[in-house]
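K.L.:
give the three-dimensional model of this entry:
(2 chains)
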Amino acid sequence: MVTLDVRPQLLDALSALRDRVAAARFPLPLAGAARARANRDELLAQLDDYLVPRLRDPSAPLLAVVGGSTGAGKSTLVNSLVGRRVSEAGVLRPTTRTPVLVCHPEDHHWFSGMRVLPDLTRVWVPHHRDPADDLLLPGENPARVLRVETADTLPPGLALLDAPDIDSLVADNRVLAAELITAADIWVMVTTAARYADAVPWHMLRTAKEYDVTLVTVLDRVPHQVVSEVSRQYGALLTKAGLGDVPRFTVPELPESAWGGGLLPATAVASLRTWLVHQTLDPAARQQVMGRTAYGVLDSLDARMPGLAGAAAAQYAAALRLTSAVDGAYDSEHARVRGRLQAGAVLAGDALKRWRAFPLDCTPGELLDTLVESLSALLLCAVAAADERVEDAWRREPAADAPELAGRERAPESAEHRIGLAVRRWRRELEEFAEDEVRELDRSVAPDPEMVAALVATALLGGRRARTAGEGLAERIGAHGALRLRDRGGRLLVAHVDGVMHAERERRLAPLDALDVHAEPQAELIAALSVLQKER
Amino acid sequence: MTAVTDQDHTGQPDRDAEGASRTDTAAPWDDGLIARRVNGEEPSAATAARGPAPQPVTPLAYDPALRSRLDALRELIGLSRTRLDNRTLAQAGRILDEATARRRLSGQHTVVALAGATGSGKSQLFNALAGVPISETGVRRPTTAAPIACSWSDGAAPLIERLGIPPRLRRRPLQATADADERLRGLVLVDLPDHDSAAVQHREQVDRVLGLVDAVIWVVDPEKYADAMLHERYLRPMAAHAEVMFVVLNQTDRLPGEAADQVLDDLRRLLDEDGIVLGEYGEPGTTVQGLSALTGDGVGELRESLARFVSERGAPSRRIAADVDIAAARLWPVYATRRRTGLSEEAREEFSDRLADAVGATAAGEAAERAWLRNANRACGTPWLRLWRWCQERSEPSTGRVAPRGQPDEEATARQRVEQAVRTVADRACAGLPAPWAQAVREAAVRGSQGLPEALDELAVRAGLPPGRPPRPGWWPVAVLAQVSMTVLQFLGGLWLVAQIAGLMAPNLGVPVLLMAIGIVGGPLIEWSCRMAARGPARRYGLEAERRLREAAAGCGRARVLDPVAAELLRYREVREQYGRVAGVGVAGRG
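P.N.:
Model (predicted):
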């Protein structure tokens, strides 16, 4: 016999776990991510709507949620149990778009607040039967509304909730239905003579079995000629699914079933009503019902949390793969740039032609211009090649399809702009160094600083090919000065090239970083679960 | 050939029917009476087939438009096999196979499947249409486990064979109804299992058979007509097949009065939301109607529309056309583009410019121009100026220009610029192309660019100006001669003056001074005018040098990169054209 009383440590552990679950994100579109997101939302909803409030207030009324497929007659059933038309019934599907909660007037305070189902807006229609939609505030989502009705025909301590269809054509309704059903102490699954073999309700039944909740099935709308046969076959199916011990109620199809008054005679639902009332009024039965569902859900955490943790780990692994693809591409391109610089690749093409014509047919300014241009071309080429590699690698990663990553604007022009800025800054600083060096020189005829800068740039960028530039430099400002200048300029060059490559890599990684995928959630989820297990 | 198969079956049904009655003795419908009737009927069908000369079954003929679309689809698959993975093409290939298979079979018959959820009354309707309780009905869910076929006329055996329905599940309608319904000749009705029960193998069978039949009657009932499974899994994806679909609302007897019409309206609304064209007011589209197989209410109307539908004999090709539509729509992202594709003239120009930059054409041209000008100035300058320059050069330290011009530079071409140029032009070329084709274009560009820098290196040496002094224009010797004569004049004047001062000659100041003045003024004057005159030829010379390099580089780039890329684009355009033919007008409008 399970008993339920308030245990602060358990509640603390549970709310810590709830926060961890709420913090878990699965932004990368991996194979299981959509599933994990749905599981997370479902678990969060169940924790908020059911488990936490139930453990906090064991004395709160029992909530029985009536769920089932389209046209199974859920609303009719609820109306008949209450004895009054509280929920609309009709022939057009889906009928119930707004869930309706019915309780005894004394229990109204339990449900009018945000204790359970906190993210549904409450609408309360006292005694007349206005369609709830009229009361909606403009802009409010009609699906996220709970209508609370009171009826004194229900015993205190029991509330009935008429949920939307679990297989509705409206996807929001389906989600809401699942959310409402998981908020129940007693799951009332309604099916019909025509439907009892449908696949969708069976998924729901299997879920109920998995969570080991208090479950009742109602076989509704059974034509009286075939009652015994259908009932027997349904029972056989349930037994086959391991649900043979679930209380089963049969409601015959009567002309009033869906159309007409929308109310079945009290005798048709008497057995179900008696069962529900008994569960409510008998303290032992009540404890049993409540405890079974609550501990069933608590137990189900053992299986569900590792699933979430696994999905979080997969997210992190995928993010890591994406990051390492970027790092690898930029590292190898960076190494290539360094190698090319050493080999003097910058002094080629235009720059080489200018250097050959220097100084007779070419001014130092022009030489510097072409060198700067050639250097930015080299860097831009490296960045573009790295991007291409990244794209290649990411194409094989399903995680790279995330809209945040795929929507990256491809703007090589702006990269060109940034690289151009950096290279021009390097040139300016190099010219300043050259001026400093020339100023310190105590010679009668000081060499032109621009000439010195051009020679230094050529010597730095030209590799072996520009040996003569170094010689010329030494002749002009002396061997020591030349060495010093080349040293400073070289360090400056390395710093700028590294800066450019680093900045571009950071830009490439920025959208991924913004997704905020870390290793921690996995460990935290597991840790929260183990704390909870210790508390139980 | 059909006759032969029919012959084959003449012996078989007896055996199979016996087998059926033996194995299915537990089945509720098998009360002996039906089984006997089925048994008794088969031979009569067989005699009917054997009696008159077996009429040759005319195979199906597609109309020319559909035939050309199918041909285009075959061509398209052939053309794109190397570019697209098999998974993408699998569906189109399957449709093609089915179209070919269906074409070989009877065009006189229309295969119509009854599909729906469990308990909607498919089998009931099947029996009502056939006039005999052929298919098992009952309250046990799911009832029908395997498809059952019923043919209204002969020669449909290969068609049913294709659906994989064993002979023991083939039936004939009640002879009386079949005779009365002469107009239903050619109808082959297939009763399917449900698609929504917990029995997964039923769903698999439904999915398989639905891909092979010519038309579908969706049977829904007031309880289940809005099921998500039906709409999301079947009706929405099959919206293109609207013309070969019927949707009937069965069990209207369960609805009181007005409600049936309300539900039908709601059903029409849902179908409309699914994107299914409803055949109202005589337009082609899905027929929606209510009926009750139990009371027979509305079955006559359905029979009527079926008769009209079957007698048109258009269903098979319309179904295939809809299949091709769907295949085209699914292939849309791998073939179609929203933008104009191709390599624009600017992109080609830009590529050539970038290559010219890589070999340094502009710089080479400018250098050549300046060298020419420099030489001209040196040659035409006054000797005094040359002397001064020479002195200055001696005092300046040499600038290290002395380049060993003997061997050509290695890697004179800027690799990074070539790489970037190829990347840019490939990007431009595949802008707007679907991914597989963009990849192909990019690969073509990259393949072409291998060895491009080396080729450009070699080419720069060959196309560059011959080393050594640039050639001189024809007036050059004249200018040099004039400069020399000016100097000579100066000397003459000077000597003359000196001679006068020395008293060797009669004093005459005017002429020698004049001579000297002419020499002094004339030298720079000639130098200046030569410089002016040299500008034109120098410019031309420089431009010529630049042009030679530029053209050589552009030619090289065109041959190695642009042409393969253009060829790849052309291949894409061919494929795109084929795709346009496959899609017909329907999809082309979207582009």
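K.L.:
what is the subsequent helix or strand relative to the longest strand anywhere in chain A?
P.N.:
Determined from DSSP state E, the single longest strand within chain A is strand A:214-222. Per DSSP states H and E, the first helix or strand lying C-terminal to strand A:214-222 is helix A:227-240.
K.L.:
give me the helices and strands touching the helix or strand of chain A with the lowest mean pLDDT, please.
P.N.:
Here the helix or strand of chain A ranked lowest by mean pLDDT, DSSP states H and E is helix A:403-406, holding a mean of 75. Using 3 or more CB pairs under 8 Å, 6 or more residues apart in numbering or on different chains; DSSP states H and E, the elements in contact with helix A:403-406 are helix A:467-515. The way it works is simple: take the backbone N, C-alpha and C, and place the C-beta from them, glycine included.
K.L.:
show the average pLDDT along the helix it packs on.
P.N.:
Confidence for helix A:467-515, expressed as mean pLDDT, is 90.
K.L.:
and after it, which helix or strand comes next?
P.N.:
helix A:520-535.
K.L.:
and for that next one, what's in contact with it?
P.N.:
A:7, A:9-10, A:13-14, A:16-17, A:20-21, A:23-25, A:298, A:301-302, A:305-306, A:308-310, A:312-313, A:316 (CB atoms under 8 Å, 6 or more residues apart in numbering or on different chains).
K.L.:
got a PyMOL select line for the buried ones in those?
P.N.:
Applying 16 or more other CB atoms under 10 Å in any protein chain shown to these leaves a buried subset, and the PyMOL line that selects it is:
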select buried, chain A and resi 10+13+14+17+20+21+24+25+298+301+305+308+309+312+313+316
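K.L.:
excluding covalently adjacent residues, which one is nearest to residue B:200?
P.N.:
Distances taken as CB to CB, 6 or more residues apart in numbering or on different chains place residue A:199 nearest to residue B:200, at 8.0 Å, with adjacent residues excluded.
K.L.:
quick check, the one you found in contact with residue B:194.
P.N.:
No: at 9.5 Å, residue A:199 does not count as touching residue B:194 under the criterion of CB atoms under 8 Å.
K.L.:
so the two - more neighbours on which side?
P.N.:
Neighbours were counted for residue A:199 and for residue B:194 using other CB atoms under 10 Å in any protein chain shown; residue B:194 has more, 26 against 18.
K.L.:
helix/strand/coil for that one?
P.N.:
Under DSSP: H, G, I helix; E, B strand; the rest coil, the three-state class of residue B:194 is coil.
K.L.:
show me the contacts for it.
P.N.:
By CB under 8 Å, 6+ apart, the contact set of residue B:194 is A:197, B:116-120, B:122, B:141-144, B:202-203, B:206.
K.L.:
and the spatially closest residue to residue B:123 that is not a sequence neighbour, how many neighbours?
P.N.:
Using CB to CB, 6+ apart and skipping residues adjacent in sequence, the residue nearest residue B:123 is residue B:135, 3.9 Å away. Per other CB under 10 Å, the neighbour tally for residue B:135 reads 23.
K.L.:
now do the SS call for residue B:135.
P.N.:
Recorded secondary structure, residue B:135: coil (three-state DSSP).
K.L.:
dump the residue contacts of it.
P.N.:
Applying CB under 8 Å, 6+ apart to residue B:135 gives the contacts B:122-123, B:126-127, B:144, B:148, B:191.
K.L.:
which positions in the stretch 101-250 of chain A make contact with chain B?
P.N.:
Residues of the stretch 101-250 of chain A lying close to chain B by CB under 8 Å from any CB of the partner chain are A:167-169, A:174, A:192-200, A:202, A:221, A:223, A:226, A:229-230, A:233, A:237.
K.L.:
give me the below-cutoff pLDDT ranges for chain B.
P.N.:
Where chain B drops to pLDDT under 70, the residues are B:1-57, B:176-181, B:282, B:338-340, B:396-409, B:464-470, B:585-591.
K.L.:
any idea how far the residue nearest the centre of it is from chain A?
P.N.:
Ranked by distance to the mean C-alpha position of chain B (CA atoms, centre = their mean), the top residue is residue B:335 at 1.5 Å. From residue B:335 across to chain A, the span is 19 Å (CB to the nearest CB, to the nearest Å).
K.L.:
that residue contacts residue B:576, doesn't it?
P.N.:
Yes: here residue B:335 lies in contact with residue B:576, judged by CB under 8 Å, at a distance of 6.1 Å.
K.L.:
strand partners (parallel or antiparallel) of the longest strand of chain A?
P.N.:
If you go by DSSP bridges, strand A:214-222 pairs up with strand A:186-192 (parallel), strand A:248-252 (parallel).
K.L.:
now that strand and helix A:227-240, what's the angle there?
P.N.:
150 degrees (axes from the mean of the first three to the mean of the last three CA atoms, to 10 degrees).
K.L.:
residue B:216 contacts residue B:248, doesn't it?
P.N.:
No: with contacts counted by CB under 8 Å, residue B:216 stays clear of residue B:248, the gap being 10.9 Å.
K.L.:
the more surrounded of these two?
P.N.:
Between residue B:216 and residue B:248, residue B:248 has the larger neighbour count (other CB under 10 Å), namely 29 against 26.
K.L.:
identify the bridge partners of the more buried one.
P.N.:
residue B:219, residue B:289.
K.L.:
so what's residue A:64 up against?
P.N.:
Taking CB under 8 Å, 6+ apart as the contact definition, residue A:64 lies against A:158-161, A:184-188, A:216, A:276.
K.L.:
then residue B:246?
P.N.:
Counting by CB under 8 Å, 6+ apart, residue B:246 touches B:215-218, B:286-289, B:302, B:305-306.
K.L.:
can you show me the strands along the chain?
P.N.:
Just going to use chain A. So, for chain A - with DSSP E - the strands run A:62-68, A:100-103, A:121-124, A:145-150, A:158-162, A:186-192, A:214-222, A:248-252.
K.L.:
that's the wrong chain, I meant chain B
P.N.:
Under DSSP E, chain B gives strands at B:110-116, B:148-151, B:170-171, B:187-191, B:215-220, B:245-249, B:287-290.
K.L.:
any chance of these in a markdown table with distance to residue A:401 as columns?
P.N.:
Listed next are those as a markdown table, based on distance: least, CB to CB, whole Å:
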| stretch | distance to residue A:401 |
| --- | --- |
| strand B:110-116 | 35 |
| strand B:148-151 | 45 |
| strand B:170-171 | 49 |
| strand B:187-191 | 41 |
| strand B:215-220 | 35 |
| strand B:245-249 | 35 |
| strand B:287-290 | 40 |
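K.L.:
chain B contacts on the stretch 351-500 of chain A?
P.N.:
A:351-354, A:356-362, A:370, A:374, A:377-378, A:380-382, A:384-385, A:388, A:412, A:465, A:468-469, A:471-472, A:475-476.
K.L.:
among the residues you listed, the buried ones, what's the PyMOL command?
P.N.:
In PyMOL, a selection of the buried entries from these looks like this (16+ other CB under 10 Å):
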select buried, chain A and resi 351+352+353+354+356+357+358+359+361+362+370+374+377+378+380+381+382+384+385+388+412+465+468+469+471+472+475+476
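K.L.:
what about the residues of the stretch 351-500 of chain A next to chain B, which are in helices?
P.N.:
A:351-354, A:356-357, A:370, A:374, A:377-378, A:380-382, A:384-385, A:388, A:412, A:468-469, A:471-472, A:475-476 (DSSP state H).
K.L.:
quick check: the gap between residue B:265 and residue B:225.
P.N.:
Noted for residue B:265: a distance of 11 Å to residue B:225, by CB to CB, to the nearest Å.
K.L.:
typed the wrong thing, it's residue B:363
P.N.:
78 Å.
K.L.:
now swap in residue A:404 and tell me
P.N.:
41 Å.
K.L.:
which of the two has more residues huddled nearby?
P.N.:
More crowded of residue A:404 and residue B:225, by other CB under 10 Å: residue B:225, with 27 against 12.
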